[in-house]
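Colleague: need the 3D shape of this:
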Amino acid sequence: MNKIPQISFRKPTKSTLEFEIFTLQKLFSRRPSLKPSIENPHRVNFYHILFITKGTGQHQIDFTTYNYQKGSIIFIAPSQVHAFTIKKDVEGFIIIFTESFILKNLGQAELLHFARSYNYHSNYPIVEGTSSEKNMLLQSINEMYEEYCQPIGLMTEEILRLQLKLLLLKIERIKNTDPKNKNSSEWENLFAAFRKNLELNYTETRNATDYAAMLNISYKHLNTVCKAMSGCTAKEFIDAYIVLEIKRHIAMFTLSTKELAFNIGFDEPTNLIKFFKRHAHQTPQQFKSTLLG
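Modeller: The predicted structure is shown next:
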């Protein structure tokens, strides 16, 4: 099968900046010359923010298709697989940046806000605000775009970084107006620690009790935190994470089922197939076939 290509941050101009903002129209106009095609799933190692200013459409993130409309904000994090649907009547902005660009001089509180914005394991990747909030964000993005289009001068990088931080804070405030997003910092930190432990240990254990023990909390408390942060139990969250990792391994590597099972931490290939079919409602081979189109 054709492996999903990986795309690294490349900056043809203004090479001192690991940041770029441009219009979706410009990106779409370059489509014939872009390799690999942005319409096919590809994995990135940098951050994206898409802001839609006109039209409706769809964007695929981690094998799920999301609908967007005017004013939608779409977040894509490093390691995620995504694909554009090209539509001539869709307009907007795309902001891309590296981790080193945004994390420079970032305080602890800002770091937490940034982590929440790109917490793709628990957050819906599209944010929708009110009409006034969308206008406010558009104004911020227009100012950022104007600054970026100027010749690089004194403090250009710092101004862009501050504008990006301000934009992320405004988006975070919009998200917090949704009651389901109101969670305590203690729980956010616990959930972040749980996700980190899961990333490091998912090949060793899929048992929620083990992860509760790593955090020195009860299984019941871990479940309460998970339900508040992600809407699902700890076990459901673990299973969803494993399914996504299986999909990513299938998409990124040419592996036999035996190799795939070993890499993900299953003792037997048949156990992996049963697990994947139970949660993804298709076999790994059927999922691989969908990637081939």
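
Colleague: burial of Gly153, as a residue count?
Modeller: Neighbour count of Gly153, defined by other C-beta atoms under 10 Å: 9. For glycine as for every other residue, the C-beta is placed from the backbone atoms N, C-alpha and C.

Colleague: for it, helix, strand, or coil?
Modeller: Put simply, Gly153 is coil when judged by DSSP: H, G, I helix; E, B strand; the rest coil.

Colleague: what stretches of the stretch 1-150 of the chain score poorly on pLDDT?
Modeller: 1-3, 12-15, 105-123 (pLDDT under 70).

Colleague: if we use 90, what do you get?
Modeller: Applying pLDDT under 90 to the stretch 1-150 of the chain flags the ranges 1-18, 28-45, 62-64, 77-81, 86-88, 98-129, 150.

Colleague: pull out the buried positions in stretch 60-71.
Modeller: For stretch 60-71, burial by neighbour count (16 or more other C-beta atoms under 10 Å) applies to 60-63, 66, 68, 70-71.

Colleague: next one: stretch 220-233
Modeller: Buried residues in stretch 220-233 (16+ other C-beta under 10 Å): 222-226, 228-230, 233.

Colleague: could I get the residues you listed as CSV with distance to Asn197, pLDDT and secondary structure?
Modeller: Listed next are the buried residues of stretch 220-233 as CSV, based on distance: C-beta to C-beta, whole Å; pLDDT from 0 to 100; DSSP: H, G, I helix; E, B strand; the rest coil:
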residue, distance to Asn197, pLDDT, secondary structure
Leu222, 11, 93, helix
Asn223, 15, 91, helix
Thr224, 17, 89, helix
Val225, 13, 88, helix
Cys226, 13, 87, helix
Ala228, 18, 78, helix
Met229, 14, 76, helix
Ser230, 15, 75, helix
Thr233, 16, 90, coil
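
Colleague: from the residues you listed, pick the one nearest Pro78.
Modeller: Distances from Pro78 to the buried residues of stretch 220-233, taken as C-beta to C-beta, are shortest for Ser230 (20.1 Å).

Colleague: save the buried residues of stretch 220-233 as a markdown table, and put in distance to Thr53 too.
Modeller: Converted to a markdown table, the buried residues of stretch 220-233 look like this (distance: C-beta to C-beta, whole Å):
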| residue | distance to Thr53 |
| --- | --- |
| Leu222 | 41 |
| Asn223 | 41 |
| Thr224 | 40 |
| Val225 | 37 |
| Cys226 | 36 |
| Ala228 | 34 |
| Met229 | 31 |
| Ser230 | 30 |
| Thr233 | 39 |
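
Colleague: which one of the residues you listed is nearest Leu272?
Modeller: Using C-beta to C-beta, the buried residues of stretch 220-233 come closest to Leu272 at Thr233, 21.6 Å.

Colleague: quick one, what contacts that closest one?
Modeller: Residues in contact with Thr233 (C-beta atoms under 8 Å, 6 or more residues apart in numbering) are 208, 223, 226-227.

Colleague: list the buried residues in whichever strand or helix holds Ala193.
Modeller: Using DSSP states H and E, Ala193 sits within helix 185-201. The neighbour-count check on helix 185-201 (16+ other C-beta under 10 Å) flags 188, 190-192, 194-195, 197-198 as buried.

Colleague: list just the nearest of those to Phe287.
Modeller: Leu198 (21.5 Å).

Colleague: local confidence estimate at the closest one?
Modeller: pLDDT, Leu198: 91.

Colleague: spit out the contact partners of it.
Modeller: 211, 237-238, 241.

Colleague: tell me which stretches of the chain form strands.
Modeller: 6-7, 19-23, 42-44, 47-54, 57-61, 64-68, 73-76, 81-84, 91-97, 126-127 (DSSP state E).

Colleague: those strands: which one's closest to Phe266?
Modeller: strand 81-84 (21.8 Å).

Colleague: so how far is that closest one from its chain's centroid?
Modeller: 11 Å (C-alpha atoms, centre = their mean, to the nearest Å).

Colleague: taking the contacts of Leu198 one by one, which sit in helices?
Modeller: Among those, the ones falling in helices (DSSP state H) are 211, 237-238, 241.

Colleague: can you put the strands of the chain in JSON lines and add distance to Thr283?
Modeller: JSON lines is the format used below for these (distance: least, C-beta to C-beta, whole Å):
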{"stretch": "strand 6-7", "distance to Thr283": "25"}
{"stretch": "strand 19-23", "distance to Thr283": "40"}
{"stretch": "strand 42-44", "distance to Thr283": "23"}
{"stretch": "strand 47-54", "distance to Thr283": "31"}
{"stretch": "strand 57-61", "distance to Thr283": "21"}
{"stretch": "strand 64-68", "distance to Thr283": "19"}
{"stretch": "strand 73-76", "distance to Thr283": "28"}
{"stretch": "strand 81-84", "distance to Thr283": "20"}
{"stretch": "strand 91-97", "distance to Thr283": "35"}
{"stretch": "strand 126-127", "distance to Thr283": "30"}
